[in-house]
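Engineer: Got a predicted structure plus its sequence, pasted below:
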Amino acid sequence: MPVKTFSSAVFGIEATTITVEVNITSGTKYFIVGLPDNAVRESMLRVESAVNTCGYHMPRQKIVVNLAPADIRKEGSSYDLAIAIGILNASGQIESDFLGKYLILGELSLDGTVQSVRGALPIAIQARKEGFRGLILPKANAREAAIVNDLEVYGADNLTEVIDFFKGTGTLKQTVVDTREEFFNNINNYNTDFADVKGQENIKRALEIAAAGGHNAILIGPPGSGKTMLAKRLPTILPPLNLFEALETTKIHSVAGKLAAADSLMTARPFRSPHHTISDVALVGGGSYPQPGEISLAHNGVLFLDELPEFKRTVLEVMRQPLEERRVTISRSKLTVDYPASFMLIASMNPCPCGFYNHPEKECTCPPGAVQKYLSKVSGPLLDRIDLHVEVTPVNFTELTSERKAESSDAIRERVIKAREIQTERFQGVKEVYCNAQMDSKSLREICRINEAGQLLLKKAMERLGLSARAYDRILKVSRTIADLACSEDIKIEHLAEAIHYRSLDREGWAG
C-alpha cells in the first residue's frame, strides 16, 4: 500500500505543498516520477547511503516514488528527507500515526547528516495555511521557519533524529522564536552612522530628501570624495521596516539562500552593491530555474550601483521596467514567477574617465569630447528615472580635521519619518503608492500644484539652464518632498529652487 509524506517546493516567493508517495512492490530498481530534475533523480543514491549508515536497510525491491502534483517540475535536493522517511515507513521500519501531520524537507548527506535548504520561511507560511501541525527541517533553517506562529518547528541534525521523532522516542526540541521580540530588539541595528561623515552637508541634505520621498539618486564626483561612504549610510536614515516589510524581505532572502543559521527575521533594510561585471540575469533575476536577482534582494532597501558607466548597457536597460513597476516578472515556457522589486536606486559615477572634471584643485586630462562620451554610457531613459543628480566635491583639510560632531543618523531619520507619515496620510486609499516618488501623472497634477511665481521660476530654469522636458515631473516630485520635510502644505519658491538644483545632468553644457 502506498505511503504518503509531505514536502514543499518554492516558485517565486510562494510555496506549494508536494505529496511524496512511496510504493514498494516485488521487483528491482528505484524509480522517481513527477517531473524530477537531475538533483531529485540522484536523491535515491543519497537516501540509500544515509539509511544504511543510520542502521536501517534499504529495501531490495522495486521502489516507486511519485512527487505530486506530477505536472510541476521538481528541483533541488530538499525532498531527500521526505523520501527517506516515506521509504522507511512503507517498508515497515517506521510506524507512526502522525506522519501526515508534518511537512518534511532537507537534503541528506551520505552519512545521514541533514543539510540546509532554501525557502524555509515561505514553506512554513504555506504549511500553517494548509493546516499542518508542524515542520521538520534542517537545524540551520529552523530559526527562519520558527518566526511563523502556531506551527511546531523542529530542526534536525541527522536522519536518525527524525526517525526517532516519528517513533516517539526522539529528543528533537521545538525551535521557538518570539517574532515581535526579535523584530523590536534588532530593529535599526546598523554599524554605520552619518555622524562619521565629515563635511558634505549638501550631500547629506540630498540623501535626506531622497530617503524622505523614496527618490532615486545619482552621486557624481571625483575619486575619494565620499560617494560610496555616503551611499552605504543611506539605509540608516530610512524609516524602520514594519513587520510586514520585514517578513516580505526575509522571504526573498530565504528563497535565495542568503540567510545565515543564526538569522530568523531581517530587521534592517537591505543594502545591495553588485559589482559592475554583473550580468543582466543576476541583476533582475531569472535563469533556467528562476531565482531572485539583486533588485529583488534589495526590495524595501537600497540598490547601490558604484561606477555606473562601467556597467554593461544591457544590464542597466533591463532595470527600466522594474524601476517603474516595482516588481519583475520572469517568464519561461512552463513557468511564470513574480518577484517584488521596490527599491531605492543610488548610483555613483566619476564625472569623466580621469575622474577630475570640475575638480576644484586638480585638472582634467581627458581629451575634448571624452566627458560627453563617458556620460553618454548611461542612457537618457535610465536617467529619466533618477530624480536627484548630486554633485559631490572633495572634503577640504579643515573640514576633515574638524572636531565638530556631525548630525547623527537618528536625528536625520526622525525628520524622514515625519515626512513619510505626511505622505502615508496623503496617499491613503491610493493603491501601491506610499511615497512621493511613486506618484503617477494624475496624482502629480492634483498634489503638486504651484502658484504663478513657481511656474515662472520653472519656465526660466528650463530656458536658462537648458533643463529637459523630462525633468519637469521629477522637479515637482522632489519639491513636494522638500515641502513635506519643511512641514509645508504648499510648494514654495525655495522648495522649487532646491529641487531644480538637483538636476545637474539635465543642464545643457554641463559636460562641455
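Structural biologist: Right, received. Where do you want to start? Numbers count the residues shown, from 1 in each chain.

Engineer: from the chain's centre, how far out does stretch 365-372 sit?
Structural biologist: Remark: stretch 365-372 is offset 37 Å from the chain centroid, using CA atoms, centre = their mean, to the nearest Å.

Engineer: Quick one: end-to-end distance for that stretch.
Structural biologist: Stretch 365-372 has an end-to-end distance of 14 Å (CA to CA, to the nearest Å).

Engineer: Repeat that for stretch 170-181.
Structural biologist: So stretch 170-181: terminal residues 29 Å apart, CA to CA.

Engineer: what does the average pLDDT come to for that stretch?
Structural biologist: Stretch 170-181 shows a mean pLDDT of 85.

Engineer: Against Glu144, how distant is the residue most central in space within the chain?
Structural biologist: Closest to where the C-alpha atoms of the chain average out (CA atoms, centre = their mean) is Leu297, at 2.1 Å. Distance, Leu297 to Glu144, using CB to CB, to the nearest Å: 15 Å. In this view, the C-beta of every residue, glycine as well, is placed from N, C-alpha and C.

Engineer: right, and the residue nearest to the centre of the chain touches Ser254 too?
Structural biologist: No: look at Leu297 against Ser254 with CB atoms under 8 Å: they stay out of range, at 11.2 Å.

Engineer: who touches the closest residue to Ser279 other than its chain neighbours in this structure?
Structural biologist: Among residues not flanking Ser279 along the chain, Val315 sits closest, at 6.8 Å (CB to CB, 6 or more residues apart in numbering). If a contact means CB atoms under 8 Å, 6 or more residues apart in numbering, then Val315 has Ile278, Ser279, Asp280, Leu283 as its contacts.

Engineer: mind checking the SS state of Val315?
Structural biologist: Val315 falls in the helix class when you classify it by DSSP: H, G, I helix; E, B strand; the rest coil.

Engineer: Now for Gln115: which residues touch it?
Structural biologist: Contacts for Gln115 (CB under 8 Å, 6+ apart) come out as Ser77, Gly106, Glu107, Leu108, Ser109, Pro138, Ala140.

Engineer: which of those are buried?
Structural biologist: Ser77, Gly106, Glu107, Leu108, Pro138, Ala140 (16 or more other CB atoms under 10 Å).

Engineer: The residues you listed into CSV, with extra columns for pLDDT and distance to Glu201?
Structural biologist: Listed next are those as CSV, based on pLDDT from 0 to 100; distance: CB to CB, whole Å:
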residue, pLDDT, distance to Glu201
Ser77, 91, 53
Gly106, 95, 53
Glu107, 96, 52
Leu108, 96, 58
Pro138, 95, 49
Ala140, 91, 45
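
Engineer: pretty sure Ala413 contacts Leu234?
Structural biologist: Careful, residue 413 is Arg and not Ala. No: the pair Arg413 and Leu234 does not pass the contact test of CB under 8 Å, sitting 10.8 Å apart.

Engineer: Next, the distance between the ends of stretch 70-85.
Structural biologist: OK, stretch 70-85 end separation, CA to CA: 20 Å.

Engineer: Tell me which stretches of the stretch 351-500 of the chain form strands.
Structural biologist: Secondary structure of the stretch 351-500 of the chain (DSSP state E, counting those that start in this stretch): strands located at 388-391.

Engineer: again but with the stretch 101-250 of the chain, I slipped
Structural biologist: Using DSSP E, counting those that start in this stretch, the strands of the stretch 101-250 of the chain run over 102-104, 107-108, 114-115, 134-138, 152-156, 217-220.

Engineer: buried stuff in the longest helix anywhere in the chain?
Structural biologist: Ordering each helix of the chain by length in residues (DSSP state H) puts helix 409-426 first. Judged by neighbour count (16+ other CB under 10 Å), helix 409-426 contains these buried residues: Ser409, Ile412, Arg413, Arg415, Val416, Ala419, Arg420, Ile422, Gln423, Arg426.

Engineer: For the first one, which non-adjacent residue is closest in space?
Structural biologist: Spatial nearest neighbour of Ser409, chain neighbours left out: Thr236 (3.8 Å); criterion: CB to CB, 6+ apart.

Engineer: Same question for the second one.
Structural biologist: Closest residue to Ile412 in three dimensions, ignoring its sequence neighbours and counting by CB to CB, 6+ apart: Ile237, at 4.5 Å.

Engineer: And the one you found, how far from Leu345?
Structural biologist: On the measure of CB to CB, Ile237 and Leu345 end up 16 Å apart.

Engineer: Then Phe184?
Structural biologist: Phe184 sits 29 Å away from Leu345 when distances are taken as CB to CB.

Engineer: the more surrounded of the two?
Structural biologist: More crowded of Phe184 and Leu345, by other CB atoms under 10 Å: Leu345, with 23 against 13.

Engineer: Give the buried residues for stretch 455-468.
Structural biologist: Buried-residue list, stretch 455-468, by 16+ other CB under 10 Å: Leu457, Leu458, Ala461, Met462, Leu465, Leu467, Ser468.

Engineer: Looking at those residues, which are in helices?
Structural biologist: Counting by DSSP H, the buried residues of stretch 455-468 place Leu457, Leu458, Ala461, Met462 in helices.

Engineer: Lowest pLDDT pick from the residues you listed?
Structural biologist: Model confidence across these bottoms out at Met462, which has 80.

Engineer: Tell me which helix or strand in this structure has the weakest average pLDDT.
Structural biologist: In the chain, the helix or strand scored least confidently by mean pLDDT, DSSP states H and E is helix 397-400, which has a mean of 73.

Engineer: Centre of the chain to that one, how far?
Structural biologist: Distance of helix 397-400 from the chain centroid (CA atoms, centre = their mean) equals 37 Å.

Engineer: Please name every helix or strand in contact with the longest helix of the chain.
Structural biologist: Applying 3 or more CB pairs under 8 Å, 6 or more residues apart in numbering; DSSP states H and E, one finds that helix 409-426 contacts helix 201-213, helix 471-485.

Engineer: Tell me, how many residues neighbour the spatially closest residue to Leu382 that is not a sequence neighbour?
Structural biologist: In this structure, Leu382 finds its nearest non-sequential neighbour in Leu316, 5.5 Å apart by CB to CB, 6+ apart. Residues near Leu316, counting by other CB under 10 Å, number 20.

Engineer: How about Leu505?
Structural biologist: 19.

Engineer: Next: Gly168.
Structural biologist: 10.

Engineer: thinking again about what came up before, go through the buried residues of stretch 455-468 and name the one nearest His359.
Structural biologist: Distance to His359, by CB to CB, is smallest for Leu465 among these, at 21.6 Å.

Engineer: Surely the closest one is in contact with Ser504?
Structural biologist: No: using CB under 8 Å, Leu465 is not in contact with Ser504; the gap is 9.7 Å.

Engineer: quick one, what contacts the residue nearest to Leu382?
Structural biologist: Contact analysis of Leu316 by CB under 8 Å, 6+ apart lists Leu308, Val378, Ser379, Leu382.
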